[in-house]
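Undergrad: Test case, fold it:
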Amino acid sequence: MGSTITCDLAIVGGGLAGGLVALAMATLRPDVDVRVIEAAAQFGGDHVWSFFGSDVAAADRWLVDPLIAHRWTGYDVAFPGVARAIDATYHSTTSDLLDATLRRVLPPRATMLGRKVLAASATAVVLGDGDRVEARGVIDARGPGDLSTLELGWQKFVGRELVLDTPHGRDRPTVMDATVDQYDGFRFVYSLPFAADRMFVEDTYYSDTPDLNRAAIGRRIEAYALARGWHPAVTARQEQGVLPITLGGDFEAYWRSGGAQVAKAGMRAGLFQPATGYSLPDAVRFAIRLAGQRDLDGPALAGFSHDYARAAWRRGAFYRMLNAMLFRAAEPGERWRVIERFYTLDPLLITRFYAGRSSLRDKARILVGKPPVPVGRAMKALRDTAWR
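TA: Below is the predicted model of the structure:
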C-alpha cells in the first residue's frame, strides 16, 4: 500500500505553466506548502520559449526575468516583398534554465520528479506508484485537454541548436524568414543567435494538419543553414512541437474535457495566444494572479481558473477571427501574403498584436484595405467558423 503525502497546493505537471505557478507561489506565498509533480526526470521538457519584451507587463517581469537566457534589442523579418528590422526587445528561455531555477528555489520536498499521475481531482492526486497526494487544492498543468472540441489550425516546427565551425556574424534574431520555399501551408524559418558559434534554427509551418515529417524538415534545416554559410559541426539539441491555432470552438466543452471541477493552468486551461499558440506570457500573468488568491481550496481554485481562462477566451475573439480567415480563406501556398501584408504595418501595432492588446484602431487598420485573400472566401470563412 502506498503512502499519503499532504500539502497545501499540488501542481500536476512541471512544464512552463506549472513551473511558473510554483515560482510565483515561492515568492508571493512562501508560507504555502507546494508540491510539483512531474512524470519526467526534469522540469520543463526540452524546449526553447521565446517572447517579445512587451508581451509581459513591467509589473510582472520579476517572475520571468531570472529565466531569460538570451536577450536582444531588435529582430528581423523577411518576405519576398518585405524585409524589416524592428526595434523591439526579444527574449528566450530554455527548459534547462527553468529546471535549474525550480531546483534552486523550491525545497527538495516540493519537487516530485519521475512521478507518473494516474488521476487528479480538485483536492487529490493518485500516483502510478501507489502513493497519493492530498491537498487543499490541485492545479492541473499537464498540457492540452481535448482539442477536438476546438476548431484548429496548427503551428508545427522542428528546431535545432547548431554548433558551427565558424562564427555566424549575426547579432539579432530573425523571427520570420518567409523567403524560403513554401510547403504545407505558410512556412518560415526562425533563427536565434545563442552565441557567436551557436545558432538555433527552427523550421515552422502554419498547416491544416498536425502531422510532422521530422526527417524532411531536418533536411530543410540543413539546407537553410548551409545556404547561409553556417556549417554545423554538431547539433547540440533538437526539439519539435505542434501548437494549436484556434479558429473557434466550444470553450466550455474544452474546459470540461480536462476535468470540470479541477483548477487548470497553461494549455490545459486554454491559456495561449490564439494566433501563435505561444503560452509563456499567459503563463506568467496567470501564475502571478493565482498566487494572489487567498483561498487555495480546490473548488475556489477551480472557479478562479475557469473564470480567468473564460475571460481570456473572450478577449481572443478578434484573433480567432483573423485565424479563420487565414486558414479558411487563403490558399495554403498563399498564406504568406497575408502575413507579409501584416508586417508592412506600424511596428507598435505589430507589438500590441502579439501582446494580445490590439486597440480598436489597430483592429480596423488590420482589416481595412485590399485583403490578400478573396473577399467572398473570407466572408464564407467567418460564416462557417464559430470564431466567437
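Undergrad: just the helices in the chain please.
TA: For the chain, the helices defined by DSSP state H cover 16-28, 61-64, 95-105, 214-227, 251-257, 280-291, 298-315, 317-328, 335-342, 347-354, 360-367, 375-384.
Undergrad: so can I have TSV of the ones you listed showing mean neighbour count and distance to residue 6?
TA: Quick note: C-beta positions are derived from backbone N, CA and C, even for glycine. Shown next, in TSV, are the helices of the chain (neighbours: other Cβ atoms under 10 Å; distance: least, Cβ to Cβ, whole Å):
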stretch	mean neighbour count	distance to residue 6
helix 16-28	24	17
helix 61-64	16	27
helix 95-105	18	21
helix 214-227	15	43
helix 251-257	18	28
helix 280-291	23	20
helix 298-315	18	14
helix 317-328	21	42
helix 335-342	20	51
helix 347-354	17	42
helix 360-367	13	49
helix 375-384	14	51
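Undergrad: May I see those organised as CSV, with distance to residue 196 added?
TA: As requested, the helices of the chain are exported to CSV (distance: least, Cβ to Cβ, whole Å):
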stretch, distance to residue 196
helix 16-28, 28
helix 61-64, 25
helix 95-105, 20
helix 214-227, 15
helix 251-257, 44
helix 280-291, 26
helix 298-315, 40
helix 317-328, 37
helix 335-342, 30
helix 347-354, 28
helix 360-367, 38
helix 375-384, 45
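Undergrad: so which of those comes closest to residue 237?
TA: helix 95-105 (9.2 Å; Cβ to Cβ).
Undergrad: what sits against residue 291?
TA: 21, 24-25, 27-29 (Cβ atoms under 8 Å, 6 or more residues apart in numbering).
Undergrad: change it to 10 Å
TA: 9, 20-29, 32, 63 (Cβ atoms under 10 Å, 6 or more residues apart in numbering).
Undergrad: from memory residue 199 sits against residue 228, does it?
TA: Yes. At 8.9 Å, residue 199 counts as touching residue 228 under the criterion of Cβ atoms under 10 Å.
Undergrad: Between these two, which is the more surrounded one?
TA: residue 199 (23 against 16; other Cβ atoms under 10 Å).
Undergrad: which residues does that one contact?
TA: By Cβ under 10 Å, 6+ apart, the contact set of residue 199 is 160-164, 167-168, 170, 173, 191-193, 225, 228, 230, 232.
Undergrad: again, 6 Å this time
TA: Contact partners of residue 199, counting by Cβ atoms under 6 Å, 6 or more residues apart in numbering, are 162, 168, 191, 193, 230.
Undergrad: So what pairs up with the fourth one in the strands?
TA: Put plainly, it is residue 193. Under DSSP bridges, the beta-bridge partners of residue 193 are residue 199.
Undergrad: Tell me how many other residues surround it.
TA: Residue 193, neighbours per other Cβ under 10 Å, totals 19.
Undergrad: again, but for the second one
TA: Other residues near residue 168 number 19, with proximity taken as other Cβ under 10 Å.
Undergrad: now it: how far from residue 192?
TA: Going from residue 168 to residue 192 by Cβ to Cβ, to the nearest Å gives 11 Å.
Undergrad: One more: the last one?
TA: Here the distance between residue 230 and residue 192 works out to 13 Å (Cβ to Cβ).
Undergrad: Need the residues that contact the top strand by length along the chain.
TA: What stands out as the longest strand in the chain, according to DSSP state E, is strand 232-249. Strand 232-249 is contacted by residues 46-47, 147, 149-165, 210, 225, 274, 277, 320, 323-324, 385-387 when judged by Cβ under 6 Å, 6+ apart.
Undergrad: What are the phi and psi values at the spatially most central residue of the chain?
TA: Taking Cα atoms, centre = their mean, the centroid of the chain lies closest to residue 278, which sits 2.3 Å from it. Main-chain torsions, residue 278, degrees, to the nearest 10: phi -70, psi 140.
Undergrad: And the residue nearest to it when sequence neighbours are not counted, how far from residue 319?
TA: Using Cβ to Cβ, 6 or more residues apart in numbering and skipping the chain neighbours, the partner closest in space to residue 278 is residue 272 (6.4 Å). Using Cβ to Cβ, residue 272 is found at 11 Å from residue 319.
Undergrad: Same question for residue 292.
TA: 26 Å.
Undergrad: which ones are touching the closest residue to residue 183 other than its chain neighbours?
TA: Nearest residue to residue 183 in three dimensions, chain neighbours excluded: residue 205, at 7.1 Å (Cβ to Cβ, 6+ apart). Residues near residue 205 by Cβ under 6 Å, 6+ apart: 156, 184-185, 187.
Undergrad: if we go to 7 Å?
TA: 156, 184-187 (Cβ atoms under 7 Å, 6 or more residues apart in numbering).
Undergrad: Residue 176 too?
TA: If you count contacts by Cβ under 7 Å, 6+ apart, residue 176 has them with 77, 188, 190.
Undergrad: Buried among these? Need that as a selection in ChimeraX.
TA: Typed into ChimeraX, the line below selects the buried ones among these, using 16 or more other Cβ atoms under 10 Å:
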select :77,188,190
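Undergrad: What about the contacts of residue 176, which are in strands?
TA: Among the contacts of residue 176, the members found in strands (DSSP E) are 77, 188, 190.
Undergrad: correct me, but the last one touches residue 200?
TA: It refers to residue 190. No. Taking Cβ atoms under 7 Å as the definition, residue 190 is not a contact partner of residue 200, at 8.1 Å.
Undergrad: any idea how far residue 60 is from residue 283?
TA: 11 Å.
Undergrad: Where do the domain boundaries of the chain fall?
TA: 4-70+92-145+258-315, 151-246, 317-384 (automatic domain parsing).
Undergrad: Pipe those into a markdown table and attach distance to residue 252 and mean pLDDT per row.
TA: Listed next are these as a markdown table, based on distance: least, Cβ to Cβ, whole Å; pLDDT from 0 to 100:
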| stretch | distance to residue 252 | mean pLDDT |
| --- | --- | --- |
| domain 4-70+92-145+258-315 | 8 | 96 |
| domain 151-246 | 14 | 96 |
| domain 317-384 | 15 | 85 |
